[in-house]
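J.: Task: produce atomic coordinates for the following.
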Amino acid sequence: MDAEVRQFSQAELHQIRDCLDQFIEEGLQVAPEFECSILQAERDPTVGLGGRGPHLETASLRANVDSGGFDANSESAFGL
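T.: Numbers count the residues shown, from 1 in each chain. Model (predicted):
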């Protein structure tokens, strides 16, 4: 491979390098959803525990408990 590369001019090598750099950059890009989840996890380390992502039910349950409105006998308290 070295022998083939040495056959290119400096201008051609720069073009190849630019092309390879762009190809690598595109392959390293992170999906916006994944980036958002990483940023959210950095702000709130409890997000995503349990391997299923953030749970609105859990946040709602916490709000009910904090406000004194939690009813353990209610089916909706446990998402049933």
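J.: Can you tell me what sits against the longest helix anywhere in the chain?
T.: What stands out as the longest helix in the chain, according to DSSP state H, is helix 10-28. By CB atoms under 8 Å, 6 or more residues apart in numbering, the list of residues contacting helix 10-28 from outside reads V5, F8. C-beta coordinates here come from the backbone N, C-alpha and C atoms, glycine included.
J.: all helices of the protein, in order?
T.: Under DSSP H, the chain gives helices at 2-6, 10-28, 32-43, 56-67.
J.: follow-up on the earlier one: so for the longest helix of the chain, mean pLDDT?
T.: Mean per-residue pLDDT for helix 10-28: 91.
J.: Restricting to C-alpha, output that helix in CSV.
T.: Provided in CSV are the C-alpha atoms of helix 10-28 (Å, rounded to 0.1, in the frame of the first residue of the first chain):
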residue,chain,number,x,y,z
GLN,A,10,0.9,16.2,-2.8
ALA,A,11,-2.3,17.8,-4.1
GLU,A,12,-3.8,14.3,-4.6
LEU,A,13,-2.8,13.2,-1.2
HIS,A,14,-4.4,16.3,0.3
GLN,A,15,-7.6,15.5,-1.6
ILE,A,16,-7.5,11.9,-0.3
ARG,A,17,-6.9,13.1,3.2
ASP,A,18,-9.8,15.6,3.1
CYS,A,19,-12.0,12.9,1.7
LEU,A,20,-11.0,10.4,4.5
ASP,A,21,-11.4,13.1,7.2
GLN,A,22,-14.9,13.8,6.0
PHE,A,23,-15.7,10.1,5.8
ILE,A,24,-14.5,9.6,9.4
GLU,A,25,-16.3,12.6,10.8
GLU,A,26,-19.6,11.5,9.3
GLY,A,27,-19.1,8.0,10.8
LEU,A,28,-18.4,9.5,14.2
